[in-house]
Every structure is written in structure tokens, then in C-alpha cells.
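> Structure for the following, please:
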Amino acid sequence: MKLIIPDNKLQSILLKLLKSEFKGYDDIYYSWANYNCGMGECCDPYSVGFVLPEDNYDNYFFNLVDGENYDPNGRYPDELSDELPEVCYEEPNITNPDFNTVIFYEERMEFITDFLGPSKIWKNQLLDLVNKQFGFNADKIFSV
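Numbers count the residues shown, from 1 in each chain. Below is the predicted model of the structure:
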């Protein structure tokens with residue numbers, strides 16, 4: 001039997017799932033993400049990490065990234081690891097249109113797949129949900 005959920009209800013269901021599965025979901029905070037630059041951890045000026053309140057600062061629930069410049073392996077020019085990039089001294093501007101891609105981590109999203117089926121059914125609604133909830137305007141969503 002196949003259950004059909006209208007898009008306007010799917011976001012509500014996704015929000016309830018996220019709140020029930022992840023303690024503190026309503027209190028997620030964000031800051032510049034880090035990457036291993038060979039000298040320890042460096043600020044990634046192309047990635048903003050969203051973290052649940054009881055998780056470590058580098059255990060990202062999801063990331064909002066600059067889809068053109070972000071490198072998941074941190075292969076950036078040396079000048080980004082020699083000194084803290086100037087932008088990292090400021091709070092990230094998540095409304096910057098360069099931050100156009102959301103990356104969710106599959107292990108965090110497995111329960112949604114178990115409940116709603118393959119991500120192709122719900123991932124665009126999840127993107128719309130986080131866009132509205134956090135006030136950014138990403139147009140792509142990926143799982144890794």
C-alpha cells in the first residue's frame with residue numbers, strides 16, 4: 001500500500017519527525033564550520049555548520065555551503081590556512097546568496113527514509129523547511 005502525503009502536509013510531518021528524533025532541534029545554532037588544514041582546525045569560510053545544542057561544535061547536523069567554492073576535503077589555497085580569513089571574525093551571513101547548498105549527513109536522515117521512503121520523495125520539502133526555519137535561501141540539497 002502506498003501512502004500519498006500532500007506537499008503542504010509533508011513539511012509539517014518532517015518538522016515533527018526532526019523535533020521528535022533530535023533533542024534540541026528548536027535550539028540549533030550555527031557558526032563557521034571547520035576543516036582539517038594540516039595545522040589543526042581552520043575556519044571554513046565556505047561552510048556554515050548547524051549544530052544541535054548538546055552536540056560538539058564540530059558535529060554538524062547539516063551544513064550550509066557556498067556551492068561554488070566549498071570543498072568537502074578542505075583543499076583550499078594556503079592563504080586560508082595561514083591566517084584566519086577575515087570573514088571568520090564575523091558571524092556568518094546565512095542570507096548571502098553564495099550559500100546556496102544544504103548538506104545533510106545520511107546517518108542523521110536514515111530515520112526519515114525509514115519513515116517516508118527514499119529521499120527523492122521528501123528532500124525538496126526538507127530544503128524548503130530549513131530555508132523557512134533558518135532564514136536562508138538555498139536551492140540545492142545533498143546527502144553525504
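> which non-adjacent residue is nearest Gln133?
Counting by CB to CB, 6 or more residues apart in numbering, Gln133 lies nearest to Leu15, which is 7.8 Å off, once chain neighbours are set aside. Where you see a C-beta, it was placed from the backbone N, CA and C, and this is true even at glycine.
> In this structure that neighbour contacts Val130, no?
No: contact between Leu15 and Val130 fails when scored by CB atoms under 8 Å: they sit 9.8 Å apart.
> out of these two, which sits in the more crowded spot?
Taking neighbours as other CB atoms under 10 Å, Leu15 and Val130 compare with Val130 leading, 22 against 18.
> Could you confirm the more buried one falls within a strand?
No: read with DSSP: H, G, I helix; E, B strand; the rest coil, Val130 is helix and lies in no strand.
> So what's the residue count around the closest residue to it other than its chain neighbours?
Excluding the flanking residues, the one nearest Val130 by CB to CB, 6+ apart is Val102, at 6.1 Å. Using other CB under 10 Å, Val102 is surrounded by 24 other residues.
> and Val102, which of the three is it?
Classification of Val102 using three-state DSSP returns strand.
> ok, back up a step: do you know how far the residue nearest to Gln133 is from Tyr57?
Leu15 sits 24 Å away from Tyr57, going by CB to CB, to the nearest Å.
> All good on my end, thank you.
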